[in-house]
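S.K.: with the input below, show me the fold.
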Amino acid sequence: MINTTWLRTFYTLVEVGHFTRTAERLHMTQSGVSQHVRKLEEQIGAELLVRQGKQFSLSGAGERLYTEAQGILFALSNLEQKVGEDPPFEGSVRIMSPGSVGLKLYPHLLSLQSKHPKLVIDYRFAPNPDVENAIAKSTVDLGFMTSKSTLAEVSCTPVAQESLLLVTPATVEEPDWETLMALGFIDHPDGSHHASLLLGANYPEFQHSNLFPRKGFSNQIGLILEPVSMGLGFTVLPAHAVEAFEKSEHIKAHRLANPVSETLYLCVPRHRALQARMKTIIAEARKGLGRSEGHPPHVARGAAEERR
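M.R.: Next comes the predicted model:
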């Protein structure tokens, strides 16, 4: 393969037409320029310059190499520029998060993409362990988790709080213990964890979600509240998931005496530099997740709060 440094020196020499001025332009010595040309001739196996004292002209091989060199060096210059570029609104960003976070964040990021079409959002919904493993293996660029990673390969930073809500059919006015026991629990992948956090902080009777009759299960974040809206049970979900449910008039989210929130963590591969487009996504995610949640429609004060 032709040494591109020697080729660039040869091309500049032909353009300038003088060894001394070429050396000045390339910040070399004149002998260095001559050495590069000789090495290039040895590598190619042909004389490139016809030397006439301090003057020179191109040989046939030199003419052909000069013609080809222009395109080669131009392509290399473009390649260096493209590789060195780090545009903040171009390229693909792979993101993974639990569904409740995605319901809030994904539409916000799509709005950003609509303003910058060269920015491609690749969003996957997955539970915390899958997000953690994907970040550790660098199969995604950014992850959001509701628990802090324990893996050395994953770096986590808290970025927001996500409220947990007790959700019942709209007909339930007082979500006391007896009412919840009668309704039964609509479970989901994080159901036991969420119930332990929120119900454990508000109901002295609570020990485990298994105490409730299990009336259903769904691993699709958009469908967990479907049986609740039909009066088939209650559940505990993050506020983002409750806000996104379309049949809000058929459910009621209850504000309990002791509010409970989960911390949302931004997770990235620990030893990988973040590109500009990833920093763009992080900044937008912080704005989107950091905005005040307010309360979903039909939020009622629960019996636990009434007793305060």
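S.K.: show me which helix or strand of the chain is least confident by mean pLDDT.
M.R.: Of all the helices and strands that make up the chain, helix 303-306 has the lowest average by mean pLDDT, DSSP states H and E, namely a mean of 42.
S.K.: distance from stretch 125-136 to the middle of the chain?
M.R.: Averaging C-alpha coordinates over stretch 125-136 and over its chain gives two centres that are 12 Å apart (Cα atoms, centre = their mean, to the nearest Å).
S.K.: what is the rounded mean pLDDT of that stretch?
M.R.: Confidence for stretch 125-136, expressed as mean pLDDT, is 90.
S.K.: can you pull the buried residues of the longest strand along the chain?
M.R.: Ranked by residue count, the top strand of the chain under DSSP state E comes out as strand 154-169. Of the residues in strand 154-169, those buried under the neighbour-count criterion (16 or more other Cβ atoms under 10 Å) are 154-156, 159-160, 162-169. For every residue, glycine as well, the C-beta is placed using N, CA and C.
S.K.: stretch 145-154 too?
M.R.: Residues of stretch 145-154 classed as buried: 145, 146, 147, 149, 154 (neighbour count, 16+ other Cβ under 10 Å).
S.K.: export these to TSV and tack on secondary structure, distance to residue 255 and pLDDT?
M.R.: Converted to TSV, those look like this (DSSP: H, G, I helix; E, B strand; the rest coil; distance: Cβ to Cβ, whole Å; pLDDT from 0 to 100):
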residue	secondary structure	distance to residue 255	pLDDT
145	strand	26	92
146	coil	20	88
147	coil	24	87
149	coil	31	92
154	strand	34	93
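S.K.: surely residue 122 touches residue 92?
M.R.: Yes - checked against Cβ atoms under 8 Å, the pair residue 122 and residue 92 is within contact range at 5.6 Å.
S.K.: alright, I will stop here.
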